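Trainee: missing the sequence, but the structure's below:
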């Protein structure tokens, strides 16, 4: 009697297997691991799909977006099958033009889509192995994920001190909150000088610092930054990015960075994703993305020879179409 063929690999089976055995994700090791053939085939399939990624799968804290689709008002499909991972202690850049869906991805992670009539129709978002795409924003903040929204969104009628206290509203250990407040003020000495003044009187750069400080008061392990350089002078922008790098390095906070200043984003991040029209069209290490011909032309404005690129005599659409093929 012939045996039935092996069943189709199950993602849940694969996850559990990795958690039990802490298997190194490398093709050369598969033959040394005594596991079922279906799970082995699934690992080979996973390596094929994500061969460009520099990150290995492990039990470390990982924020994972898996094949999500987002619809607004039950009509507008804004994000189509987007997947990305943010490993522990890393900075990951998410690049793309206006309307590509970058901010929608961040809102999906932080759980605030519902306030804008948005909904995740397919796919999932997991954090440390726990699905969070159906959790409330307050629960997601408690888990350690905080977002700095586009446009800063500070409370202009409150003082800077009150704005920072709002960021710690889910925390109960007030002694630790005071310690973290002092730490935030060390990162942002300008905010310390204006601590008792109304936030609405701050400059744009100072408001951005306040917004980042407010998120840090939630004591996150993952920070979602949406266009931190928006509307800021170049000198202030460089200061903001210096602080972002320092927070990642000293505090071990992982950062998912949405930014249109591709040059700065690719300098501070380790890995980058590029979105076009709601889809993920490219991902690689930032070192390789900086040398990619299309990225150099459309995001850095230079040619491979290092000259400034003129867009007057080229057809953008045909070049962009290659990314989706």
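Mentor: Arrived safely, thanks for sending. Everything quoted here is computed from the prediction, not taken from an experiment.

Trainee: now do the strands in the stretch 201-325 of the chain.
Mentor: Applying DSSP state E, counting those that start in this stretch to the stretch 201-325 of the chain gives strands spanning 222-226, 254-258, 271-276, 279-285.

Trainee: the second one packs against which elements?
Mentor: The helices and strands touching strand 254-258, judged by 3 or more CB pairs under 8 Å, 6 or more residues apart in numbering; DSSP states H and E, are strand 76-86, strand 91-96, helix 102-110, strand 222-226, helix 234-251. Bear in mind the C-beta positions are built from the backbone N, C-alpha and C, glycine included.

Trainee: go with 7 Å
Mentor: Where contact means 3 or more CB pairs under 7 Å, 6 or more residues apart in numbering; DSSP states H and E, strand 254-258 is packed against strand 91-96, helix 102-110, strand 222-226.

Trainee: the third one too?
Mentor: Helices and strands touching strand 271-276, by 3+ CB pairs under 7 Å, 6+ apart, are strand 91-96, strand 279-285, helix 286-289, helix 316-324.

Trainee: let's see 6 Å
Mentor: strand 91-96, strand 279-285 (3 or more CB pairs under 6 Å, 6 or more residues apart in numbering; DSSP states H and E).

Trainee: kindly report the same for the first one.
Mentor: Where contact means 3+ CB pairs under 6 Å, 6+ apart, strand 222-226 is packed against helix 102-110, strand 145-148, strand 254-258.

Trainee: who wins for proximity to residue 206 among the ones you listed?
Mentor: strand 145-148 (14.1 Å; CB to CB).

Trainee: quick check: buried residues in the helix or strand that comes right after the closest one?
Mentor: Next along the chain after strand 145-148, taking DSSP states H and E as the criterion, comes helix 160-166. Across helix 160-166, burial judged by 16 or more other CB atoms under 10 Å covers 160-161, 163-164.

Trainee: now stretch 112-119
Mentor: Within stretch 112-119, judged by 16+ other CB under 10 Å, the buried ones are 112-113, 118.

Trainee: out of the helices and strands packed on strand 254-258, the one nearest residue 128 is which?
Mentor: Across the helices and strands packed on strand 254-258, residue 128 has its closest neighbour in strand 222-226 (9.9 Å, CB to CB).

Trainee: sheet partners, orientation included, of the closest one?
Mentor: strand 145-148 (parallel), strand 254-258 (parallel) (DSSP bridges).

Trainee: what about the shortest one, average pLDDT?
Mentor: Predicted confidence along strand 145-148 averages 93 (mean pLDDT).

Trainee: and the contacts of it?
Mentor: The contact list for strand 145-148 (CB atoms under 6 Å, 6 or more residues apart in numbering) reads 106, 110, 211-212, 215, 218, 220, 222-225.

Trainee: pull the distance from that strand to the chain's centre.
Mentor: Taking CA atoms, centre = their mean, to the nearest Å, one finds strand 145-148 lying 10 Å from the centre of the chain it belongs to.

Trainee: now do the buried residues in that strand.
Mentor: So strand 145-148, judged by 16+ other CB under 10 Å, has buried residues 145-148.

Trainee: quick one: low-confidence ranges for this protein?
Mentor: Scanning the chain with the threshold set as pLDDT under 70 gives 1-61, 302-325.

Trainee: how about a cut-off of 80?
Mentor: Along the chain, the model assigns pLDDT under 80 to residues 1-61, 299-325.

Trainee: surely residue 295 meets residue 289?
Mentor: Yes - when contacts are counted by CB atoms under 6 Å, residue 295 is listed as touching residue 289 (5.1 Å).

Trainee: picking up where we left off before, tabulate the buried residues of strand 145-148 (JSON lines), appending distance to residue 284.
Mentor: Formatted as JSON lines, the buried residues of strand 145-148 follow (distance: CB to CB, whole Å):
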{"residue": "145", "distance to residue 284": "25"}
{"residue": "146", "distance to residue 284": "27"}
{"residue": "147", "distance to residue 284": "25"}
{"residue": "148", "distance to residue 284": "25"}
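
Trainee: of the residues you listed, which is the nearest to residue 64?
Mentor: residue 145 (12.1 Å).

Trainee: ok, now how distant is the closest one from residue 205?
Mentor: 25 Å (CB to CB, to the nearest Å).

Trainee: quick check, central residue of the protein?
Mentor: residue 256 (2.5 Å; CA atoms, centre = their mean).

Trainee: bridged to it, which residues?
Mentor: With DSSP bridges as the rule, residue 256 is bridged to residue 92, residue 224.

Trainee: so it touches residue 84, yeah?
Mentor: No - if you go by CB under 6 Å, residue 256 and residue 84 don't touch, sitting 8.0 Å apart.
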